[in-house]
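**Student:** Turn this into a structure:
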Amino acid sequence: MKAGDVVYLTGALGMGKSSLARGLIRALTYPDQDVPSPTFTLIQSYEAADFTLLHLDLYRLESPDEAYELGLDDALPSSVLLIEWPDRLGHLGYDDRLDIVLELADKTNPSAGRIAHLVPRGNFKV
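**Tutor:** You can find the predicted model right below:
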């Protein structure tokens, strides 16, 4: 990952988006990094070697206007954005991004694990 990258974490409630984000953050910062959920703070910031990593949980936002007030476009050039519930961005969404879509490996057995589909969009380079 590099500064300017946007990653959408999508999947149903309880699918493991926050757990995946926690693992990515620890891999990019350090293994013992405390990674609280940004459900109530909306944004948690972490320093990686070459960029700031911003973990966002937009579940509680009611409109794209609230997302605009977060100032993400100003932060993006020097940051990587990990965004849970990116649909809340509405028309403010990012065209160049990596979508990580989580789904149940076995819809009849939720404990069977998850499948992650990685889908680059726009000019995102994997």
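
**Student:** Show me the helices in the protein, by range?
**Tutor:** For the chain, the helices defined by DSSP state H cover 17-28, 64-68, 72-75.

**Student:** Could you list every helix and strand in contact with the last one?
**Tutor:** If I follow you right, that is helix 72-75. If you count contacts as 3 or more C-beta pairs under 8 Å, 6 or more residues apart in numbering; DSSP states H and E, helix 72-75 packs onto strand 52-57. Placement of C-beta: from N, CA and C, glycine included.

**Student:** Apply 10 Å and report the result again.
**Tutor:** strand 43-47, strand 52-57, strand 79-84 (3 or more C-beta pairs under 10 Å, 6 or more residues apart in numbering; DSSP states H and E).

**Student:** Using a markdown table, lay out these together with mean neighbour count, distance to residue 63 and mean pLDDT.
**Tutor:** Converted to a markdown table, the helices and strands packed on helix 72-75 look like this (neighbours: other C-beta atoms under 10 Å; distance: least, C-beta to C-beta, whole Å; pLDDT from 0 to 100):
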| stretch | mean neighbour count | distance to residue 63 | mean pLDDT |
| --- | --- | --- | --- |
| strand 43-47 | 16 | 17 | 94 |
| strand 52-57 | 22 | 15 | 95 |
| strand 79-84 | 24 | 16 | 95 |
